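# What follows is a predicted protein model with its sequence.
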Amino acid sequence: MTTVSQHYFGSIEDDGFSIRIIENMKEEYGLFVWPSSIILAEYIWQQKSRFSGSNVVELGAGTSLPGLVAAKVGAHVTLTDDSNRSEVLDSMRKLCNINDLNCRVLGLTWGVWDPPVFSLYPNIILGADVFYDTAAFDDLFATVTYLLQRCPDSVFITTYHNRSGHHLIEFLMEKWCLKCTKLVDGFSLLPSHKASNLSGNIQLAEIVFDTSK
Ligand SMILES: C[S@@+](CC[C@H](N)C(=O)[O-])C[C@H]1O[C@@H](n2cnc3c(N)ncnc32)[C@H](O)[C@@H]1O
């Protein structure tokens, strides 16, 4: 079943806007707006001046709410998802059209070095709910680390839904010479009307390449 959800940011007084997302509840995970993406999108709205003019790549974007908000506040955005999931990539193109936003859409499978990966030089990398399958964590960190090393002062901003209570990503950050520079409870960022519809243990982390290692 396909539905269209509307997501509001700010108000008319502060140049607020809304983003429309087509969701397909029957399809797999990439065609659904996960709570982590609502939190990451809100964070981008709150930090809009930081995003304006920056080069942003969203990994595992799915319904792409964070990347679309980044584009709306003036970032140059590349939305990416698994190269093998053409239905998700097609949906991302449709989402850009219905929101009248001009983002690049690219198949990018974590840990795979297809030529388009080498064209990316992001200042900001986004990932909402991309840490859910432990078997893919190393591949994801390989891609993130590669992209972080492309641009000085670049940062990976991710919202992490910890469903297991384990802390594997901290261990893997060490392994990939990454360090966390900010860690906050995702719900502390949300206005109450958004928080009341969501649940889960979701943290927002900013991660950089650790040049001291
Ligand atoms: C839980 S969904 C999150 C989607 C979206 N970011 C959100 O929060 O609503 C995970 C996303 O990661 C993508 N994904 C999973 N494995 C991937 C891989 N190996 N390479 C690239 N993308 C992958 C999926 O296609 C899906 O869109």
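Noted; the coordinates are in hand.

# Does at least one residue of stretch 85-98 sit close to the ligand?
Yes: applying Cβ under 6 Å from any ligand atom, one finds stretch 85-98 touching the ligand at 85, 88. The C-beta positions use only the backbone N, C-alpha and C, and glycine is treated the same way.

# Identify the residues contacting that stretch?
Around stretch 85-98, the neighbours that count as contacts under Cβ atoms under 8 Å, 6 or more residues apart in numbering are 20-22, 24, 27, 30-31, 61-64, 68, 71, 79, 81-83, 102-103, 105, 107.

# Could you check that stretch and say which residues are buried?
85, 88-89, 91-92, 95-96 (16 or more other Cβ atoms under 10 Å).

# Can you verify my assumption that L65 contacts S18?
No: in this structure L65 lies outside contact range of S18 using Cβ atoms under 8 Å: 11.0 Å.

# Of the two, which one has the most company?
Set side by side, L65 and S18 show more neighbours around L65, with 27 against 12, by other Cβ atoms under 10 Å.

# any residues in contact with both of L65 and S18?
H7.

# Can you give me the neighbour number for A205?
Neighbours around A205, by other Cβ under 10 Å: 20.

# list the helices and strands the worst-scoring helix or strand of the chain on mean pLDDT packs on?
For the chain, the helix or strand with the lowest mean confidence is helix 168-175, at a mean of 84 (criterion: mean pLDDT, DSSP states H and E). Under the contact criterion of 3 or more Cβ pairs under 8 Å, 6 or more residues apart in numbering; DSSP states H and E, helix 168-175 touches helix 137-150, strand 178-185.

# The last one: which residues count as buried?
In terms of neighbour count (16+ other Cβ under 10 Å), strand 178-185 has its buried residues at 178, 180.

# Pairing partners for that strand, with directions?
Applying DSSP bridges, strand 178-185 is found paired with strand 202-209 (antiparallel).

# how big is the angle separating the partner strand from helix 168-175?
For strand 202-209 against helix 168-175, the angle by axes from the mean of the first three to the mean of the last three Cα atoms, to 10 degrees is 10 degrees.

# Whether strand 202-209 contacts the ligand - can you check?
No: against the ligand, strand 202-209 shows no contacts by Cβ under 6 Å from any ligand atom, the least distance being 10.2 Å.

# Could you list the buried residues of that strand?
202-207, 209.

# residue ranges of the helices in the chain, please?
Secondary structure of the chain (DSSP state H): helices at 35-46, 48-51, 65-72, 86-98, 137-150, 168-175, 192-195.

# is the most centrally placed residue in the chain in a bridge, and if so with what?
Centroid check for the chain by Cα atoms, centre = their mean gives G127 as the closest residue, at 3.1 Å. Residues in a beta bridge with G127, per DSSP bridges, are L59, T158.

# Identify the residues contacting it.
Taking Cβ under 8 Å, 6+ apart, one finds 58-60, 140, 144, 156-159 in contact with G127.

# possible to save those as TSV with neighbour count, pLDDT and distance to the ligand?
Formatted as TSV, the contacts of G127 follow (neighbours: other Cβ atoms under 10 Å; pLDDT from 0 to 100; distance: Cβ to the nearest ligand atom, whole Å):
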residue	neighbour count	pLDDT	distance to the ligand
E58	32	98	7
L59	24	98	7
G60	27	97	3
L140	22	97	7
V144	24	97	11
F156	26	98	14
I157	24	98	12
T158	26	97	10
T159	28	96	7
